[in-house]
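Peer 1: Predicted model and sequence below, questions to follow.
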Amino acid sequence: MNAPNTLSADETAAGFRLLFDGRTTAGWRGYRQEEIYPHWRVVDDALMFHPEPNPQYGHDIISVDQFRNFEFRIEWRLQEGGNSGIMYHVRETDDRPYMTGPEYQLLDNDRHGDARNGLDRHTGACYALYAPTEPASAPIGTWNRTTIIVDGGDVQHVLNDRTVCTYTLGSADWQQRITGTKFADWQGFAAERNGHICLQDHLDPVAFRNIRIRTW
């Protein structure tokens, strides 16, 4: 097994690069900010979010670079009752990143209240739009592996090596699901095919590591 935050020989050959070096927060900054928020720190080879100081929503971070078509791989770990998310194609045109970028949901399905609002809130979902096809989370407190593949409008959510969600941005099915939701009021939501990757502040501690991407 490779050391944390390094590429395997296969990943190197496939054209992956690291988005987190395991030592610094280089490559990330606060949403609509020049620097990263102090709530994000590197601890034990992981990029970790801590609610303190100033525990309130709004300390999301984004990749400095923007991406169009990609395979994004990341490992993450929630604490009990935790909630977070990963967004892509985020633009800095609205108050919050979720107003432009679709979200891969991260949740303690057994303990967080949002899980009762439907399977499309469970881990691996495209938040509030597409439910995961099966539960595939590792136990809370252990590391999960997530992959997001975006190829044109076609998107796959992979959780611990299982494809749990697929959809096509802008398709008739996508538009039908948007109708009647809060997303319908956000003109910029999923409107772009290029943008930042976002790691979410949802007030709960969360850790990320082995963040890498390949593009085409």
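Peer 2: Yes, it's here. Quick caveat: nothing in here was measured; it's all calculated off a predicted structure. Residues are numbered from 1 along each chain as shown.

Peer 1: and residue 16, how many residues sit next to it?
Peer 2: Using other CB atoms under 10 Å, the number of residues around residue 16 comes to 19. (Each C-beta comes from the backbone N, C-alpha and C, glycine too.)

Peer 1: quick one, phi psi at it?
Peer 2: Here is the backbone geometry of residue 16 (degrees, to the nearest 10): phi -70, psi 150.

Peer 1: My read is that it contacts residue 211, right?
Peer 2: No: using CB atoms under 8 Å, residue 16 is not in contact with residue 211, being 10.4 Å away.

Peer 1: got any residues that touch both of the two?
Peer 2: Among the neighbours of residue 16, those also in contact with residue 211 (CB atoms under 8 Å, 6 or more residues apart in numbering) are residue 73.

Peer 1: I'd like the average pLDDT over stretch 110-119.
Peer 2: Regarding stretch 110-119, the rounded mean pLDDT is 91.

Peer 1: do stretch 152-159 as well
Peer 2: Confidence over stretch 152-159 (mean pLDDT, whole number) is 97.

Peer 1: what comes up buried for it?
Peer 2: For stretch 152-159, the neighbour count (16 or more other CB atoms under 10 Å) marks 155, 157-159 as buried.

Peer 1: Pull the number of nearby residues for residue 24.
Peer 2: Using other CB under 10 Å as the criterion, the residues surrounding residue 24 number 11.

Peer 1: Just say helix, strand or coil for it.
Peer 2: The three-state assignment at residue 24 reads coil, by DSSP: H, G, I helix; E, B strand; the rest coil.
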